[in-house]
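1. Build the 3D model from these lines:
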Amino acid sequence: SSGINAEFKKPSSKGQVKAMKMHKSSAFLFLAVATASYVPPYYGGQPTSASVASLDPPDYRGEEVYKINFQLEAEAGMPQEGFIHRSAADFEKFDHLLTTHLLNFGLHFPSELSIENLDAYIKGIFEHQNVVNSNIFQDFLGINWSGKDLKFLQSLPDFMQIVIPQLYRAPDFAPEPPVFTSEEDCITTEETPFEVYVYLMAFRSQVNLQEYLQF
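-> Numbers count the residues shown, from 1 in each chain. Presented below is the predicted three-dimensional model:
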């Protein structure tokens, strides 16, 4: 019909041809970006602010996660801002750790978890410098730990660091995981802090069968 022919008629000018090529190039670029692997950088520095931005789809654990944006007074050559994803269970564990380490004075964990309530809670932390400076909070943000100094099975002292928690501190929370969309990226990308954390916790979990199976 004339309607169908109108939809598929050839472009009538060089300008239309150029526009079509630009549209195709833009679409290709969008698809390339949309399917690119994401490898979190190492973040090193002092947190200066943070906010809960959104509730995102389930992560590798199958749990919905809150996206936390943060800013840093960063070390030289390091990113000055980034993000981390934490589940409701992560937030509850964070509050529990602050309580057991007597760092929760003046902080009020919300009884109802929502973006707004958790955002207010996170922002309130920056009024308590002892919490901001703590390993607990920096682990929660996924900063200042890479595990690159660990040497797996290269010597007996190195091995002892792996299996004895008192000899080497593991973060209380996993760093942000990478998202690989190609096998090549998975093979060629340098190990991320998240992967080192997984190896370390897997080694340490083997002393307890149930904990290992859960991990």
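
2. ok, now which ones touch the spatially most central residue of the chain?
-> Residue closest to the average C-alpha location in the chain (C-alpha atoms, centre = their mean): E176, at 2.3 Å. Taking C-beta atoms under 8 Å, 6 or more residues apart in numbering, we find E176 in contact with P40, G82, F83, I84, H85, G142, F194. C-betas here are computed from N, CA, C, even on glycine.

3. again, only this time at 7 Å
-> P40, I84, H85, G142, F194 (C-beta atoms under 7 Å, 6 or more residues apart in numbering).

4. What does the pLDDT read for the residue lying closest to the first one once chain neighbours are set aside?
-> Right, P40. Residue nearest to P40 in three dimensions, not counting chain neighbours: E176, with 4.2 Å by C-beta to C-beta, 6 or more residues apart in numbering. The predicted structure scores E176 at 96 on the pLDDT scale.

5. Can you classify K67 as helix, strand or coil?
-> When classified by DSSP: H, G, I helix; E, B strand; the rest coil, K67 comes out as strand.

6. got it, and I162?
-> I162 ends up helix, using three-state DSSP.

7. At which residues are the strands of the chain located?
-> Assigned by DSSP state E, the strands in the chain fall at 45-56, 65-74, 81-87.

8. Give me the buried positions along stretch 37-52.
-> By neighbour count with 16 or more other C-beta atoms under 10 Å, stretch 37-52 contains the buried residues P40, Y42, Y43, G44, G45, P47, A50, S51, V52.

9. typo on my end, it should be stretch 92-105
-> The neighbour-count criterion (16+ other C-beta under 10 Å) identifies K93, F94, D95, L97, L98, L103, N104 as the buried residues of stretch 92-105.

10. next one: stretch 112-124
-> Along stretch 112-124, these residues count as buried under the neighbour rule (16+ other C-beta under 10 Å): L113, L118, D119, Y121, I122.

11. one step back: so how far is Q46 from the residue nearest to the centre of the chain?
-> 18 Å (C-beta to C-beta, to the nearest Å).

12. Check S182 too.
-> Using C-beta to C-beta, we find S182 at a distance of 35 Å from Q46.

13. ditto for G77
-> Noted for G77: a distance of 15 Å to Q46, by C-beta to C-beta.

14. Repeat that for P193.
-> Distance, P193 to Q46, using C-beta to C-beta: 18 Å.

15. where does this protein dip in pLDDT?
-> Filtered on pLDDT under 70, the chain yields the residue ranges 1-35, 206-215.

16. one more time with 90, if that's ok
-> 1-36, 60, 75-76, 104-105, 147-168, 180, 182-191, 199, 201-215 (pLDDT under 90).

17. and I125, how many neighbours?
-> 22 (other C-beta atoms under 10 Å).

18. for the residue nearest to L97 when sequence neighbours are not counted, what are its contacts?
-> Leaving aside its chain neighbours, L97 sits nearest to I136 (4.9 Å; criterion: C-beta to C-beta, 6+ apart). By C-beta under 7 Å, 6+ apart, I136 lies in contact with F94, L97, L98, H101, D172.

19. Of those, which is the nearest to Q71?
-> Using C-beta to C-beta, F94 comes nearest to Q71 of these, at 18.9 Å.
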